[in-house]
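**Q** Okay, structure incoming, though there's no sequence with it:
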């Protein structure tokens with residue numbers, strides 16, 4: 001067993017009470033019901049019932065959303081029952097609303113008692129981890145109990161590069177690993193994992209259902225915006241903000257009637273954005289401030305409204321791409337027929353952006369001035385709608401990864 005894994009096991013045994021204390025505080029800070037902290041300790045709050053169970057772990061909202069069609073296929077086509085774990089409340093809330101036939105629990109801490117309690121109660125026939133959130137004790141304990149392990153849609157990982165021996169040790173326990181790109185599969189192969197266990201079926205994130213739209217709110221926004229030119233900056237981080245503001249000012253120089261709908265990834269970025277925006281006229285959605293004739297930026301400092309905002313325009317800059325975040329899922333705005341602009345750093349979604357760019361439905365920019373030039377060119381030509389439709393058609397056609405993944409999972413369980 002590699003040193004890092006041994007240290008992790010020793011830490012979990014020696015400091016379990018401290019881990020539990022810190023986790024409880026974080027759990028409460030997220031606004032989650034206190035009685036559900038028992039799930040973090042491996043104590044189920046739902047009965048297991050009868051049937052064949054598959055456990056799927058999807059850390060947060062982005063990961064759990066991409067499992068929707070897979071969960072549906074495993075339930076309806078193959079007859080499995082599904083328990084889904086997440087780390088976050090946002091993932092839990094979406095799962096409860098969109099996957100009502102699945103049971104949700106919060107992921108147990110990677111301590112001996114919590115792991116043992118979770119596995120003893122649910123006794124799954126398979127454990128599926130989505131993208132990258134794998135935990136050493138859980139992986140090894142499940143493997144030792146004879147539970148087949150699957151890692152789906154593995155993404156690029158600096159951790160795998162920094163600790164190849166530890167990840168080879170853990171990932172060698174998996175019966176199947178799918179990568180979100182051929183490059184990811186190549187990196188896993190370089191770890192020395194058996195080629196027959198590695199697959200590229202396509203990016204599961206392309207099969208996500210469209211984000212929800214509040215049609216009442218959308219009608220009000222469209223009435224207030226009227227015929228003004230609109231572009232959208234979505235899921236931005238601090239490193240994106242200067243570039244977005246640079247672009248915003250240049251777009252306003254081109255057309256003073258233009259509106260930027262700006263939805264930062266974290267609503268608490270609203271105050272720094274307003275400070276940096278200076279004299280620009282901003283309305284904040286969280287304060288129910290109206291869209292006026294003089295408003296230049298509509299700051300959407302709320303959660304769960306991206307689908308509604310994507311419905312307001314067909315030019316979208318997707319953030320997390322000028323900093324180290326690795327970009328965000330381009331298929332979400334593509335579902336709405338948006339032409340997508342991105343910064344250069346999209347390692348987490350490289351294949352998705354490449355597919356959309358090949359269709360002419362997305363483009364990469366190097367800085368705020370280049371972003372402004374692209375937005376202005378699209379506004380001037382009026383081609384964003386037609387180009388974005390190509391991206392929407394691409395997303396609509398992508399079901400193959402789900403079908404192949406589901407069939408491969410069923411084949412493992414039938415062996």
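**A** Yes, it's here. Quick caveat: nothing in here was measured; it's all calculated off a predicted structure.
**Q** which residue ends up closest to the midpoint of this structure in space?
**A** Central residue of the chain (C-alpha atoms, centre = their mean): residue 62, 2.2 Å from the mean position.
**Q** wait, what's in contact with residue 263?
**A** 232-236, 300, 302, 305-306, 309 (C-beta atoms under 8 Å, 6 or more residues apart in numbering). Where C-beta positions appear, they are placed from N, C-alpha and C, glycine not excepted.
**Q** rewinding a little: which element is the residue nearest to the centre of the chain on?
**A** helix 61-65 (DSSP states H and E).
**Q** and whichever strand or helix holds residue 5, what does it pack onto?
**A** Using DSSP H and E, residue 5 sits in helix 3-14. Under the contact criterion of 3 or more C-beta pairs under 8 Å, 6 or more residues apart in numbering; DSSP states H and E, helix 3-14 touches helix 136-144, helix 164-171.
**Q** Need these in CSV (columns: mean pLDDT and mean neighbour count).
**A** Formatted as CSV, the helices and strands packed on helix 3-14 follow (pLDDT from 0 to 100; neighbours: other C-beta atoms under 10 Å):
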stretch, mean pLDDT, mean neighbour count
helix 136-144, 96, 19
helix 164-171, 94, 18
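**Q** Count residues in the vicinity of residue 50, would you?
**A** 7 (other C-beta atoms under 10 Å).
**Q** ok so, going back, contacting residues around the helix holding residue 62?
**A** Residues contacting helix 61-65 (C-beta under 8 Å, 6+ apart): 58, 84, 86, 88, 90-91, 94-95, 98-99, 130-131, 133, 205, 208-209, 328-329.
**Q** Please flag which of the residues you listed sit within strands.
**A** Among the contacts of helix 61-65, the ones falling in strands (DSSP state E) are 84, 86, 130.
**Q** what about the first one, how many neighbours?
**A** A total of 25 residues lie near residue 84 under the criterion other C-beta under 10 Å.
**Q** Okay, it and residue 134: tell me how far apart.
**A** Per C-beta to C-beta, to the nearest Å, residue 84 is found 16 Å from residue 134.
**Q** Now do the contacts for the spatially closest residue to residue 329 that is not a sequence neighbour.
**A** Setting aside the residues directly before and after it, residue 329 is nearest to residue 205 in space (C-beta to C-beta, 6 or more residues apart in numbering), at 5.0 Å. Residues in contact with residue 205 (C-beta under 8 Å, 6+ apart) are 62, 66, 153, 180, 329, 331, 349, 352.
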